[in-house]
Structures are given as structure tokens and as C-alpha cells.
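In: Quick one, what's the 3D model for this:
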Amino acid sequence: MRDTPRPQGTVGELRPWPPQLRPGRALAHTPGASGSGSPHRSDSRPPQTPRGGRRSGLDGRLGTTPPVPGRPTLLFLLLGLPALCFALITWQVVSGGLLLRVDERVSHALVDPQRFYGALADLGNITVAVPVLAVVIGYVARQGRTAGLHRWWLPPLAAAVLMALVPALVVPLKVLVDRPGPPVTGPGTGYYPSGHTATASVAYGAATLLLLPWLRGVTIRRAVVAACAVVNLAVGFGLVRRGYHWPLDVVASWCLCAMLLTGLWVFLGRSGRQPK
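Out: Coordinates of the predicted model:
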């Protein structure tokens, strides 16, 4: 007597053979199945983005496409905070507020007309700072063209335009504020903000931003950034110590140039200036 065959799929059934594909069942997990990106994916999305296809970060390292968390806070610190400080200092200088009186006292205590401090201040002269930027612009343009970068001319052009923008911003402010200079400078007005400080900050700062993508090694990059900061601090210190400018003239120029250089930094990051 033959046993009646049991239907397949009974709960608890132990089958000695592997499960068979049935018509109509999904084939997404089958190697080589149509519409599957890999044997372990059930959708049509491509596999993980290869490292070579990722967008580069601002410092030349490979990064992710989505915005980096914390970027709005960084932009606020680099744009909003200097703008607030510049507005506050300008208001105090124009209205003759408390900061102006403190500024004059600090200046009288620091002034020391020695030639060494004058030499530091001279680093902010147009004849010194602008040629440095011009050399860096030429070097970066040549490197970008040799490397075959797309729009290799854009970063050097942006730095040159920013340098030309400095007198267009500083000179009208000098005329509007019309602040007298320290006693050492003698009679005359138009010392706020400091033109030497602005020239040095933008020239050396823009040169640093252009060079960073072409420098190899974190140590070298940090050394260049540190050198830029030291030179700008030396210029400001020399201007105040020599008696060429009030301290607030220098600080206001730093705030203004911080906003300008932040704009250049963001622009260079979006323009794809990274060497490959």
C-alpha cells in the first residue's frame, strides 16, 4: 500500500534538498539577476562610491558629498563674528565711545619709535606684500595649467580681484570715518581702518590659500599658515608700536580682511581648485 504524498511546505518539514526557485519569486538576491547591483543588494542602487569618485575637501583630502556637520557654525565664526566686531569698533570710533578712549591710552603706552618696529610695519607696504602675492599667483597658475586642471586660471584670478578690492573698500572708509592719526604721525586724518594691515592680510592670506592645495604634508601646511599669521601679527604690532596707527585701526582691518579671506576660501572650495 502506497502512502499518500504529503503536500510541500508543511510546517516543520525537513527536506534533504536545497530550496528550489519558484516562478514569480524575487530574484534580487541571485547573483547576476537583472536589476541587482550586487549579490547582496535588493535594489538598483550602485555599490559604494569609489574613493576616486568622491569630491575633495577644502584641504585636498577626500571627503563626502553631503555638507560637513558644523560648517554653518564655522562660517558664522569666520564671517559673522568679524562683521559684528567691525561694526562695533566703527561705531565706537565714529561716536567717540569708551573703546576709543581705551584705544588712545593703549597706544600712548605702547608707542616706541624705533626703526625695528618700522621695518615690521613695512611688511605691509604695497611694494612688499603685493609682489609676494603676484609670485604665488604666477606659480599656482603655472602648476594648475601644467596639471591640466579645469579652469586653472580661476583661483589666481579670484585672488588678484580680491587684492584689487582692498583699496576700493578701505579708501572710502578712511574718508567717511576721517579719524586723526596718533601724535607721532602729526596732523592729518584718514587712519581708520589701517591700509597697511589690510594690504598685508589679504596679500599674505590669499597667497596662503592658493598654496595650500599644492603643499604636501600636514606639517608643511601648518607651517605656512603659522608663518602667514606671524607676519600679519608682526605688521600690526609694528604699526602700533611705531605709532603709525591706533590699535583699533589695526583690529578693524583684521576683521574686515577676515571676511574677505573667508569669502575667497569658500569660493576656492566651490570652484574645484584641488590638484589631482
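
In: Export the regular element (helix or strand) spanning Leu209 to CSV, keeping only CA atoms.
Out: Using DSSP states H and E, the element containing Leu209 is helix 195-211. Coordinates of each C-alpha in helix 195-211 appear next as CSV, following Å, rounded to 0.1, in the frame of the first residue of the first chain:
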residue,chain,number,x,y,z
GLY,A,195,45.5,100.2,4.9
HIS,A,196,48.9,98.6,5.6
THR,A,197,47.2,96.0,7.7
ALA,A,198,44.6,95.3,5.1
THR,A,199,47.2,95.0,2.3
ALA,A,200,49.3,92.6,4.3
SER,A,201,46.3,90.5,5.5
VAL,A,202,44.8,90.0,2.0
ALA,A,203,48.1,89.6,0.2
TYR,A,204,49.7,87.0,2.5
GLY,A,205,46.4,85.4,3.4
ALA,A,206,45.3,84.9,-0.3
ALA,A,207,48.8,83.6,-1.1
THR,A,208,48.5,81.0,1.6
LEU,A,209,45.0,79.9,0.5
LEU,A,210,46.4,79.5,-3.1
LEU,A,211,49.4,77.5,-2.0
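
In: How about residues contacting the helix or strand following it?
Out: Note on helix 195-211: by DSSP H and E, the next helix or strand toward the C-terminus is helix 218-242. Helix 218-242 is contacted from outside by 59, 107, 110-114, 117-124, 184, 194, 196-197, 200-201, 204-205, 207-208, 211-212, 215, 244-247, 249-251, 254, using CB atoms under 8 Å, 6 or more residues apart in numbering. Where you see a C-beta, it was placed from the backbone N, CA and C, and this is true even at glycine.

In: quick one, what contacts Ala252?
Out: Cys85, Phe86, Ile89, Thr90, Val93, Tyr192, Pro193, Ser194.

In: Now the helix holding Leu209: average pLDDT?
Out: The pLDDT scores in helix 195-211 average 97.

In: chain center to it: distance?
Out: Taking CA atoms, centre = their mean, to the nearest Å, one finds helix 195-211 lying 13 Å from the centre of the chain it belongs to.

In: Can you give the distance from the lowest-mean-pLDDT helix or strand in the chain to the centre of its chain?
Out: Least confident helix or strand of the chain, by mean pLDDT, DSSP states H and E, is helix 71-75 with a mean of 74. Relative to its chain's centre, helix 71-75 lies at 11 Å (CA atoms, centre = their mean).

In: likewise stretch 136-151?
Out: 19 Å.

In: show me the contacts for the spatially closest residue to Val111 that is not a sequence neighbour.
Out: Excluding the flanking residues, the one nearest Val111 by CB to CB, 6 or more residues apart in numbering is Gly243, at 4.2 Å. Listed by CB under 8 Å, 6+ apart, the contact partners of Gly243 are Ser107, Val111, Asp112, Pro113, Pro182, Pro183, Val184, Thr185.
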